[in-house]
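A.B. asks: Here is a sequence with its predicted model. Questions after.
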Amino acid sequence: MNWYVLYTSPRAEKKVAERIEQSGIEVFLPLHLCPRKWSDRIKYVEIPLFSSYVFVKTTDEILRTLLQIYGVSRIVYYLGKPAIVREKEIEAIKSFVEKAKGKECEFSYDDEVQIATGPFKNIKAKVMKTEREQLFLKVEQIGIIIKIKSDQVIKKIN
């Protein structure tokens, strides 16, 4: 059995993985936490690391039957054959996802953030101090320090 790659309909990766798993086939869908902004808050949600792709471990014959599963668009091909992903590459992706878990939520001194909710919405600030789920931010534009919940800011990536 080999690892193959399936291309799914947009935003259907989780449902496709669930359907394939129900048919007894090993599936790997790498997910990571990503901040999503609503009008009143920021929430971290799990989204696929590779949009519209799902990895399956199966035989070549069974692979073709997976096209009948709702949400599977096609099999990914390479040089005219279904693309095979080596086991060590799958393990490397699993290792990366495991090491990256929770990294998005960590704030430290001098991190640049953007406030996502409240009266200071869309203002950039720097972390001065962290305290449980609270952050003390210096808003340099107006020269003040504010206290805010950590789920109300987005970490700026340089």
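C.D. replies: Cool, got the structure. None of the values given here were measured: they were computed from a predicted structure.
A.B. asks: Can you name every helix or strand that the lengthiest helix in the chain contacts?
C.D. replies: In the chain, taking DSSP state H as the definition, the longest helix is helix 87-100. On a contact count with 3 or more C-beta pairs under 8 Å, 6 or more residues apart in numbering; DSSP states H and E, helix 87-100 meets strand 2-8, strand 26-28, strand 31-37. Every residue, glycine included, has its C-beta placed from N, CA and C.
A.B. asks: closest to residue 48 out of those?
C.D. replies: Across the helices and strands packed on helix 87-100, residue 48 has its closest neighbour in strand 31-37 (6.0 Å, C-beta to C-beta).
A.B. asks: residues making contact with whatever helix or strand residue 21 lives in?
C.D. replies: Taking DSSP states H and E as the definition, one finds residue 21 inside helix 13-22. Helix 13-22 is contacted by residues 6, 8-9, 27, 29, 48, 51-54, 56, 66, 69-72 when judged by C-beta atoms under 8 Å, 6 or more residues apart in numbering.
A.B. asks: What residues of it count as buried?
C.D. replies: Within helix 13-22, the residues scored as buried using 16 or more other C-beta atoms under 10 Å are 13-14, 16-17, 19-20.
A.B. asks: pLDDT-wise, which helix or strand of the chain ranks last?
C.D. replies: strand 31-37 (a mean of 75; mean pLDDT, DSSP states H and E).
A.B. asks: Give me the neighbour count for residue 115.
C.D. replies: 21 (other C-beta atoms under 10 Å).
A.B. asks: got it, and residue 6?
C.D. replies: 25.
A.B. asks: Give me the nearest residue to it, chain neighbours excluded.
C.D. replies: In space, and not counting its chain neighbours, residue 6 is closest to residue 54: 4.9 Å by C-beta to C-beta, 6 or more residues apart in numbering.
A.B. asks: Perfect, that will be all.
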